[in-house]
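**Student:** Got a predicted structure plus its sequence, pasted below:
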Amino acid sequence: MSLITLSNLTKVYTETASDVVAVDSVQLTLEAGEFAALVGPSGCGKTTLLNLIGGLDRPSAGSVCVNGTDLSTLSDADLVRFRLEHIGFVFQAYNLIPVLTALENTVFILELQGVAAAERNRRGMELLDAVGLADKAHHRPAQLSGGQQQRVAVARALASKPAFVLADEPTANLDSKSASTLLDIMLELNRAEGTLFLFSTHDPRVVDRARRTFHLEDGRVLREEQTS
Amino acid sequence: MTLGLVLLLRMAWRNIWRNRVRSSVVFVSMGLGVWAGLFLMGWASGINDARVQDAIDDYLAHGHVHVAGYTADGTNLRALLPNASAAVAQLEARPDVRGVAPRLQVPAMVQAALGSSGLLLQGVDPQREAQLFTIPHRLPDGAFLADTAREFNGVVVGQALAKRLDLRVGDPVVFTYQDTAAAVHSTLYTVEGLYDGTSNLTEEAVAYVRLDRLATELGVPQAAHDLAFRVDPSDARQKQSLEAVCAEIQEDFPAFQVKSWRKTAPEMGYVDEIMAQALLLFMGIMLLAMAFGILNTMLMAILERQRELGMLMAVGLTRQRVFALVVLETVLLTGIGLPFGLLLGHATLVFTNRTGISLEAFADGLAEFGISPVIYPQVVTHWYLPVVALVFILSLLASLMPARKAVSLNPIESMRAL
C-alpha cells in the first residue's frame, strides 16, 4: 500500500464570474522515503495540491488517502489531530514561533503530543545537531538568519517522526548558499529518517535534487519524471 | 493536556511581552484602576463610618430602650418608661453596658425675637448625657445645662439655629409644647449654651433642657421616653455583636423594646448597605471600561499575529488550544496589573487611615451632610477578594471576542499559502 494515494483529486473554487479549477483530476501515489517535488509556474495548483494532501483544505472531488485513511472522512478536529500526528510542515516564510527558542520551536509538536521533557529535548538537540544548529538551540528566531530559521523549521517538521513532510517553496526566501545547505540537510534527513519529502517549488536546485518530479499546469499533472 | 497547558502558559506569558509598551499601558491602567477603585471604596467607607460614628456620638448612641409605640420624633408623648431611674440602674448593672442616658422628648416651637422654628426639645440628664455623647463637650459658647438654680430654665441650642434666630447665650426664648394631657405650655427659657453638632440639620432640629425641669413641665416626674445606651466598643463595631447584646438586654426588659441604632435609625444602616452595592457597581463599571481597552489590545494582537496563529493551527494546534492561548494571554495581561493595584491601594488606605485627609476648606459644606472635615479612609480588606474576582471575570469576558476571532481564522487564508 502506498503512503499517499491521490485519486481523481479535484479542487474547484467558485468565483462570481466562473469556477476556477485549481486542481484537476490528479492521480498519483507516493511511497515512504521518497524525495519528490511538485513543479510548475505560479498559479499551476502546486500549493493547492499540497494543501489538499496536508489536510488543510478539502477536495471538491476525489480523495487523498494517507496510509489507507481517506482524509475526506475525517472531521475538522480529527484532521487537526491527524496533521499533528502524521504530517510535518515546512513553510516558505519559515513561520517559527517568535517567542520560543530554536529548541522549543523544534520540540513544539512533541510538546503538544505530550512527549516527556527529557525525551523531546534529546530528540530536539539531535535534530538541531543534524541541521548544524546545536549551538543556537537557545536563540530565538529573531536572532537567527533566514537560512538558519528554515533549518529549524525542517527540524521541527521532523521532530515527531511524521509519515511525510510537506514543504512549500522552502528555498524561495533563501540565498543560493543557504538553499543548497538546506537541501543537503533535507536529503540527508530523508535518507537517515526514511521520511517522505514532498516539495512544491519552481526552484531548479530543488528540482535537480528531487528523485521524482511532477510537472503541473492548470491543475493537472502533465508529466512525471523520475531520477535514480 | 497538562504538558499542553504548560506550553500554552509559556507562550502566553512570552506573548504578552512581545509589545512591551502596549502591554505596559494595560498593566498600568489596570493597576491604577484597581488602586483608584479601592481608594474610592475606602474613602466612601471612611466617610460613611465617620458619619455613622458622629451620629452615634452626637445623639444616636448604640441602642435604646423604650416602650412600644415610642417614636423618636417625640410625637407619642404617652409612650413613657414610668420608672426610668430603676431601668437606668438595671441597665447600668450589665457588664457590657458602658453608659445610659434617659431622655424626654417633645416636639416644640421655639420663638425668639427674630423668628420661630419647630424642633425637638430633649430633656436630658447633663452628667449622663456628657458621659454618652460629645455634644455636651462641644460648646463654643456657654455651658451644657450647668446652672442648677431653681428659678433658671436653661436651654442649649445648636449653632445653626442660633445663627438663624440670631440667638446668643443669655438670650430669652419661649418654647411652646403640649404635655401628656394635651395642655399647651409656653415656657420662657434662657439660652445657656450653643452646641457644635457635626450636622447642621441636627443643630437646627434638637435643643436640650434639663430632664427634671421638662418632666415637671410635662407632668411626668421620674419618667423618660427613651434610655439611650452605649455598649463595649468591641461589641459596637460588629453588627452581629451589637444585635446580640441588644437581644440579651431585651431579655432583661421583656416589657419594653430594646433596639440597636440600626433599627432606630434604619436610614443610617441603609446608606451603609446601599453604598456597598453602589461602590461595587461603580468599580464594576470602571473595570468594564478597562475591559474594553484590554479587548481592543487583544484584538490588535490577534490581527497582528494572524499568520502565526494560522501556522499553529496548520501544524496541529487545536482550536480549543488556540482559544485557551488567547484567554490565558488576556488573563495574564490583566492579572499582572492587579497585584500592583491591590498593593498600592492597600498601602494608600493604610497610610491615609492613620494620617486622615483634611478637607477643612470644605468643612461648612460637609457639615451640611453631617460629615467631618477630616476623613479617615477605611482599609476595606473585605473588598479585595470581590475586586480580584471582578477583575478576573471581566478579563475572561474581554478575552472571549479575541479568542473567538482567533479560532475562526482559516489556516490557509491566514498564512496566505501553505
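**Tutor:** It's in.
**Student:** For the closest residue to chain A within the stretch 1-150 of chain B, grab the count of nearby residues.
**Tutor:** Nearest to chain A in the stretch 1-150 of chain B, going by CB to the nearest CB, is residue B:14, at a distance of 3.6 Å. Any C-beta I mention is one placed from the backbone N, CA and C, and that applies to glycine too. For residue B:14, the count of nearby residues is 16 (other CB atoms under 10 Å in any protein chain shown).
**Student:** That one contacts residue A:104, doesn't it?
**Tutor:** No: if you go by CB atoms under 8 Å, residue B:14 and residue A:104 don't touch, sitting 9.7 Å apart.
**Student:** Please list all residues in contact with residue B:387.
**Tutor:** By CB atoms under 8 Å, 6 or more residues apart in numbering or on different chains, the residues touching residue B:387 are B:34, B:37-38, B:283, B:342.
**Student:** of all those residues, which two lie farthest apart?
**Tutor:** For the contacts of residue B:387, the farthest-apart pair by CB to CB is B:283 and B:342; their separation is 12.6 Å.
**Student:** More neighbours: which of these two?
**Tutor:** Legend: neighbour count by other CB under 10 Å for residue B:283 and residue B:342, higher for residue B:283 (22 against 18).
**Student:** quick one, what contacts that one?
**Tutor:** So residue B:283 contacts B:37, B:40-41, B:387, B:390 (CB under 8 Å, 6+ apart).
**Student:** biggest separation within the residues you listed, which pair?
**Tutor:** Of all pairs in the contacts of residue B:283, the most separated under CB to CB is B:40 and B:390 at 13.9 Å.
**Student:** between those two, which one's more packed in?
**Tutor:** Legend: neighbour count by other CB under 10 Å for residue B:40 and residue B:390, higher for residue B:390 (20 against 17).
**Student:** ok, that one - contacts?
**Tutor:** Counting by CB under 8 Å, 6+ apart, residue B:390 has contacts B:280, B:283-284, B:287.
**Student:** Can you list which of those residues are found in helices?
**Tutor:** B:280, B:283-284, B:287 (DSSP state H).
**Student:** can you list the residues of chain A near chain B?
**Tutor:** Contact residues (CB under 8 Å from any CB of the partner chain) of chain A with chain B: A:47, A:50-51, A:54, A:56-57, A:77, A:80-81, A:83-85, A:89, A:91-93, A:95, A:97-100, A:104, A:108-109, A:111-112, A:114-115, A:156, A:166, A:168, A:200.
**Student:** which among those end up buried?
**Tutor:** A:47, A:50-51, A:54, A:56-57, A:80, A:83-84, A:89, A:91-93, A:95, A:97, A:99-100, A:104, A:108-109, A:111-112, A:115, A:156, A:166, A:168, A:200 (16 or more other CB atoms under 10 Å in any protein chain shown).
**Student:** quick one: residue A:200 is in a strand?
**Tutor:** Yes: the assignment for residue A:200 (DSSP: H, G, I helix; E, B strand; the rest coil) places it in a strand.
**Student:** Now do the same contact list for the nearest residue to it once chain neighbours are set aside.
**Tutor:** Among residues not flanking residue A:200 along the chain, residue A:46 sits closest, at 3.7 Å (CB to CB, 6 or more residues apart in numbering or on different chains). Residues in contact with residue A:46, defined by CB under 8 Å, 6+ apart, are A:38-40, A:200-201, A:216.
**Student:** Would you map the helices across chain A?
**Tutor:** With DSSP H as the criterion, chain A has helices spanning A:46-53, A:76-86, A:102-106, A:108-113, A:117-130, A:146-159, A:176-193, A:204-209.
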